[in-house]
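Participant: fold the following for me, if possible:
(one chain, ligands or ions: 2)
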Amino acid sequence: MYYVKAPAKINLTLDVLHKRPDGYHEVEMIMTTVDLADRIGLEVREDGAIHILSVDRFVPNDHRNLAYQAAKILKDIYRVKKGVSITIEKNIPVAAGLAGGSSDAAATLKGLNVIWELGLSLDELAEIGSKIGSDVPFCVYGGTALATGRGEKIQELPSPANCWIVLAKPTLGVSTADIYGNLKINEIEHPNTALMIESIQQKDFDLMCSSVGNVLEDVTLKLYPEVAGLKDQMKKFGADAVLMSGSGPTVFGIVDHETRVQRIYNGLRGFCDEVYAVRLMGDREPLA
Ligand SMILES: C[C@@](CO)(OP(=O)(O)O)[C@H](O)COP(=O)(O)OP(=O)(O)OC[C@H]1O[C@@H](n2ccc(N)nc2=O)[C@H](O)[C@@H]1O
Ligand SMILES: Nc1ncnc2c1ncn2[C@@H]1O[C@H](COP(=O)(O)OP(=O)(O)O)[C@@H](O)[C@H]1O
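Facilitator: Ligands and ions are numbered 1, 2, ... in the order given. Just a heads-up that it's a prediction; the model follows:
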């Protein structure tokens, strides 16, 4: 069995510039990886079939699974005769704004590149990943990056200042399409992406905390007031910065000292079943 980690991502900034003719939105967002990951196991099948095994009841085991789609697209493009059994050990909350499915797809692309001996570069894998979903190219590279276009254009950034991230996911799933669809473009208050980039380049923790912003919050917090409540709780328990990740509903707190992380984690456990205290990772993993 060949294993590949599929880390979750958070959005330190998420800005929407305008709606595109293809129905997607032009975005400018800074994403970074955290130390919470699914684990993908891959085993070559001689019968040419693609099989998915995931024990999470919210994750489909068929062609709807993004890891399945990653295997299928590689098989079709490179006329691969072999198949693969894909085991997904799910640790990232589903439909959470953490790109769990996108990361599984990216990990599958990278793992199949090895076991099917395709010899593709990261850039080639990211290009293929963009056909699966807008967040997949970022997940192929990992680390920290500025994503533009519909999210598939990636510019690598250094890793931010070391810190802890407390993630809290309310028990609800959010449809990314619905959130983007309800966005009022002309009422957007744009975050300062350039300042966030500067804070990352200088590893300036305080500037990073004061530069967070996600324009999709306005939509998700109105549709799901419990997400707004979770933001307030995270602030009350003392996080240095609080933001919703992606289209939500996960809320994350940025914390500089491990001592405070435990207090915030324990406090939130009183309100929320899915709470995680993880390190911000922020560096790219070497291509296997
Ligand atoms: C919102 C973000 C922020 O990182 O992440 P999540 O919250 O999903 O983790 C991403 O933009 C989500 O990327 P991803 O989840 O891959 O989206 P896709 O599958 O490509 O698109 C799902 C739907 O979201 C909308 N969509 C997505 C990306 C984009 N730039 N504009 C859009 O309008 C479209 O309606 C699209 O049909
Ligand atoms: N491998 C996968 N892991 C998680 N969700 C998946 C996967 N494949 C397909 N999905 C579907 O994608 C949807 C959300 O995917 P996910 O990436 O977890 O959300 P988000 O993009 O908000 O982080 C869910 O409805 C789920 O059914």
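Participant: for the helix or strand containing residue 34, which positions count as buried?
Facilitator: Assigned by DSSP states H and E, residue 34 belongs to strand 25-45. Within strand 25-45, the residues that count as buried by 16 or more other C-beta atoms under 10 Å are 25, 27-38, 40, 42. (Glycine included, C-beta is placed from N, CA and C.)
Participant: stretch 179-197 now?
Facilitator: Under 16+ other C-beta under 10 Å, the buried positions of stretch 179-197 are 179-180, 183, 191, 193, 195-197.
Participant: is any part of it close to ligand 2?
Facilitator: No - using C-beta under 6 Å from any ligand atom, we find that stretch 179-197 stays clear of ligand 2, coming within 9.3 Å at best.
Participant: contacts for that stretch, please.
Facilitator: 12-16, 18-19, 24-25, 28-30, 146, 157, 207-208, 211-216, 218-220, 223, 247-248 (C-beta atoms under 8 Å, 6 or more residues apart in numbering).
Participant: still on that earlier bit, which ones among the buried residues of stretch 179-197 lie within strands?
Facilitator: The members of the buried residues of stretch 179-197 all map outside strands under DSSP state E.
Participant: what parts of the chain come near ligand 1?
Facilitator: 11, 14, 24-25, 27, 29, 97-99, 102, 133-135, 150-151, 176-177, 180, 246-247.
Participant: now list the buried members of those.
Facilitator: By 16+ other C-beta under 10 Å, the residues of the chain next to ligand 1 give 11, 14, 25, 27, 29, 97-99, 102, 133-135, 150-151, 176, 180, 246-247 as buried.
Participant: out of the buried residues of stretch 179-197, which comes closest to residue 161?
Facilitator: The nearest member of the buried residues of stretch 179-197 to residue 161, counting by C-beta to C-beta, is residue 196 at 12.0 Å.
Participant: please tell me how far the nearest residue to that closest one once chain neighbours are set aside sits from residue 204.
Facilitator: Using C-beta to C-beta, 6 or more residues apart in numbering and skipping residues adjacent in sequence, the residue nearest residue 196 is residue 211, 4.1 Å away. Note on residue 211: its distance to residue 204, by C-beta to C-beta, to the nearest Å, is 9 Å.
Participant: tell me where the longest helix sits in the chain.
Facilitator: Assignment by DSSP state H gives helix 100-115 as the longest helix of the chain.
Participant: got the buried residues for it?
Facilitator: So helix 100-115, judged by 16+ other C-beta under 10 Å, has buried residues 100-113, 115.
Participant: toward the C-terminus, what is the element adjacent to that helix?
Facilitator: Helix 100-115 is succeeded, C-terminally, by helix 122-129 (DSSP H and E).
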